[in-house]
Each structure stands twice: as C-alpha cells, then as structure tokens.
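Trainee: Sequence first, predicted coordinates after that:
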There are 2 protein chains.
Amino acid sequence: MPISGTDSCVSFDFDTTCFDLLTTEEMDLVNSHSVLVNYKKNEMVCKQGSFASHIMYIEKGLVKIYLEGNPKDLILTITPEKSLMGLPAIYEGNYTFLYSISTYTDTVVRLIDIQIFKQLLKQNPLFSYRIINILNENTAHSYSRFFSLTQKQLHGRLADILLCLSRKIFKSEAFELPLSRSDLSDLTSMSTESVIRIMKDFKDDRIIDISNKSITLLDIPRLERISAKG
Amino acid sequence: MPISGTDSCVSFDFDTTCFDLLTTEEMDLVNSHSVLVNYKKNEMVCKQGSFASHIMYIEKGLVKIYLEGNPKDLILTITPEKSLMGLPAIYEGNYTFLYSISTYTDTVVRLIDIQIFKQLLKQNPLFSYRIINILNENTAHSYSRFFSLTQKQLHGRLADILLCLSRKIFKSEAFELPLSRSDLSDLTSMSTESVIRIMKDFKDDRIIDISNKSITLLDIPRLERISAKG
DNA sequence: ATTTTATTATGATATATATCATGTTTAATG
DNA sequence: CATTAAACATGATATATATCATAATAAAAT
C-alpha cells in the first residue's frame, strides 16, 4: 500500500497545548466559563447529534470518539489525556456534535463554553492558528485511517491498530488493553469474531503475546510488514 | 444506518468565500503572491507527499482529491469551483500534501503562497475563523463518507454517491458525468465491475437512467431508501 | 458463593464482493 | 479512415469475511 509515509494510527502526536497561547485574561475567561466533570468508566461524555454547548478537553483518562451505527459503531479515534475534542462543532450553521464520546477509564473532562471558545478564536489569531494545526493533524490522521479501513484487509487493519495503540496511546510494546474485542472490531470495521481469530493468528505466529487483557508486541517489524502489505 | 442526519456526500455546501474577510491590503498581498494556472482535463494539480508551497483555490473547473493506493486510489472528494484545497498542509512539522489532486475538466487554479496564507491566518482572526469553519465542514463531510464506505454495502455506497453528485456537484437530477466507472469505484471503494453491475441494477429497476455519459436520477426517494438501508 | 451476564473462543456455513476471462462498444490516435 | 487503446459490459469462479451456532471463560451482580 504505497501511500507515502502514512501508517494509519488511532491517535496523534501533536501536543495539544493551545492554552499557553492565551493571555492571562483570556485564560481567566476560560476558567470562569468551564467546568471540570468526572466521568466513570464506560460513561458517555457526549452524544452524536445533540447540541454542542461546549468544547471538551481531557485532563485525565482515556476515551473513544465514534460514529454511531446500526448494528456497529465506527470508532474514529482513541484519545488520551491532554486532547481537545468536539472542535468540529465549531461550524456556523451546525451546532451539534458530529460524534459520540465515551470513556474507557475514569476520566476528567474540562467542558469549555463554546461561545467563549469561539470568541477566543476570533480575537486571538495565534490561538486560532494553533487550533487550525490541531484540526489539520486530526484530518491527516483521519485520512490515513480512512485509507487503512477501505483499502487494507483484516490482518493489515488489525496490525495498524496494534501498532498505533502501542506507539501512540500506551507508548510501550506491552500494555493492558482496556478495550474489548468488540471495541477493536469497531475500530477496524470488522466482526468481533474476526478480531479474535486474527489475534489468535498473530499469537500462533509469535507476532504478539496475549494473556487476558495484556498484550505484548513481540515482532514489530513483522507487524509493520503486515500493515504495509495490506 | 441511523446515524443522525448524515448522508455521505462527496462535496459540500459551504460557500468558500473567505477572501471577502480580507482587507484591501491583505487582498493585494494575496494577489501579488498568487498565480493563476490553467490545467487541461486529466492533469495533476498536486501530488501527494510532495512539498506544499501553496494553497489552491479552484476558480473554474472540476477536480478529484484522492489518496494514492496500490492498486486502487481512494477519492476523498469531488470538488467544484470556488473551493479551497490543500488546507491540511497548514500544519507545523509537515510541509507536504496529504493527497493528490487531478482535473476532470479544464480547470483554472489559483496557487497562493502558503507563507502568505499562514501570515494572513496569524494576523486576521476572522479570516482564520472562517478557515476553521471550512476545515470543520470538510471534516463533517469526511466522517460521513468514512461511515458510508465502512458500514454500508455496495448498493448503499453507490446510491450515496449518485445522490451527492446530483445534489452538490451538478445540482440537477440529470447530468453528464465526467467520471469513468473506474472513478466511481475509487469513490465507493469497490471494484469497477461492481459499479457497472449495480448501475445496471439501478437502471433495470428504473431508479436511474443511463445513456453513455448521461445520468438521470428517476426515483430519488428509492435511492434515499437504498442509501439509508445500507 | 452462586447465579446472571458479558466476553472470548472456535468451527461450520453463507454471502457479499473481488477476480478472472472474454467480448463489445466508445474514444483516442496516427 | 483505419488502427489502437480505453472504457464498458457480463458471466463464471474464487475468496475474504460475516453470520450463525455453541461452548468456555471471565466478570459482574445478587
């Protein structure tokens, strides 16, 4: 799949520090127009199609951002802390969330009034410019996943996801996976049974090791080849 | 496929008038740092992975924006005139085009120096805000296509594309299609043969009429049902 | 602890869709 | 205008992947 330098990944590198570009007064404005909310594991943070009154910033935790479908959802990204979510709701003429978000672990989210956020964008061009950067990073990520899910077959898609979880979310070759096989299937657009079967294939081939919820990537170059081959 | 209010569409409504937000001096700056280039039919306007020295604005014509794959490309959008392209290249740390663009008809493109464009973003927050709107509209569009291609099967995907071409690009139930069946296959992520077969199915069922390159949508409600059913 | 429920697992079967082969029509080219 | 190439068309076959059925675990709840 020779698409120059794109390996599909569920999350991104970009250090979402945009608030450092605000003045003290602007930061005060954010603080006075935002609330911190604690979500438990498996709670919904926002619902696709509902009114978007706020932008969300994950202070702590892990969530999935997904499109609701019947019978299956499509997970767009797994998002760790220090990330902004709900930015696409900033669109004049559409005040609703494009996607749903729910938590994998206990999560702390800062909800920022969308009107204040818009005001900051309109008055602080450097802040605005940073947000454009973040949006573009998300777009790049989204396109590469789009490509992965539509052009690669099962093994390639699962390899992509495993590599990404390891690199971007858990930053280690071994990690405890809070996602179920069903989540992995929503992430790779395949059936849950296929996820299970391919995980077993990878295990039998000594590419990964699985015991319960622990996953270890044993042969990353091989996973990369599977990803590249499709 | 009950995804609230999303029918996948290849192009967008948003009237890409962002230049009206520039001052006379800023507009002069754009004019003095941009060039008009004429492209013939089937010419490449930009190449995925190459250095992005400019933002593109289609003054006239019709193009496809696509990710290159082997053996098949993935067309992200069909884009008509008065549209900005190449915005995702505005990302610090990545100065390359995310996608390739090529023309379907003779096309006039304004190439705007990306440094100037960035400068305008950094100095004119309303301009910047408008660009954020455009990016978000693109994202919404991209997600709904993402959903269509990963969750629906062939008939639903093709119905989506036909409805969109009619509504957004040609703004008529009857139109001359400059895209080949192979383009439709890159747009729907299916084989060319499948496109041909399903077009025939639709024709046999009196849902559409085809003669050579002319397409007429005869039964739009039925197409919508096919789209919704997946 | 014991029942209930969700998750993981695995084999058998069905099916959507791609691939291959081959022919026909349309468009491009010398 | 003839020739070549490209696009369209259609049937036969292959295959990737989903679906269904049925267990075995593991987790949650009473």
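Mentor: Arrived safely.

Trainee: near DNA strand D, which residues of chain A?
Mentor: Counting by CB under 7 Å from any atom of the strand, chain A comes close to DNA strand D at A:153-155, A:189-191, A:193-194, A:212-213. Yep, even glycine has a C-beta here, placed from its N, CA and C like the rest.

Trainee: again, only this time at 10 Å
Mentor: Residues of chain A lying close to DNA strand D (CB under 10 Å from any atom of the strand) are A:41-42, A:71-72, A:152-158, A:180, A:185, A:188-198, A:211-213, A:230.

Trainee: Next step: those restricted to strands.
Mentor: Under the assignment DSSP state E, those contribute residue A:211 to strands.

Trainee: Check the residues of chain A next to DNA strand D one by one and keep those near chain B.
Mentor: A:72, A:189 (CB under 8 Å from any CB of the partner chain).

Trainee: are any of the residues of chain A next to DNA strand D buried, and which?
Mentor: Taking 16 or more other CB atoms under 10 Å in any protein chain shown as the criterion, what is buried in these is A:72, A:152, A:154-158, A:185, A:188-190, A:194-195, A:198, A:230.

Trainee: Which one of those residues is nearest to residue B:129?
Mentor: residue A:189 (34.1 Å; CB to CB).

Trainee: Which residues are in contact with the closest one?
Mentor: A:72, A:74, A:149, A:157, B:150-151 (CB atoms under 8 Å, 6 or more residues apart in numbering or on different chains).

Trainee: any idea of the mean pLDDT for the helix or strand where residue A:84 lies?
Mentor: Secondary structure from DSSP states H and E places residue A:84 in strand A:83-85. In this model, strand A:83-85 carries a mean pLDDT of 95.

Trainee: residues making contact with that strand?
Mentor: Applying CB under 8 Å, 6+ apart, the set of residues contacting strand A:83-85 is A:16, A:18, A:45-46, A:55-58, A:63, A:65, A:79, A:101, A:131, A:134.

Trainee: Quick check: beta-bridge partners of residue A:112?
Mentor: Beta-bridge partners of residue A:112, counted by DSSP bridges, are residue A:34, residue A:55.

Trainee: right, and it touches residue A:31 too?
Mentor: No. Counting by CB atoms under 8 Å, residue A:31 is not a contact partner of residue A:112; they are 9.4 Å apart.

Trainee: and these two? which has more neighbours close in?
Mentor: Taking neighbours as other CB atoms under 10 Å in any protein chain shown, residue A:112 and residue A:31 compare with residue A:112 leading, 23 against 12.

Trainee: Can you list the buried residues in whichever helix in chain A runs longest?
Mentor: In chain A, taking DSSP state H as the definition, the longest helix is helix A:125-151. The neighbour-count check on helix A:125-151 (16+ other CB under 10 Å) flags A:125, A:127-151 as buried.
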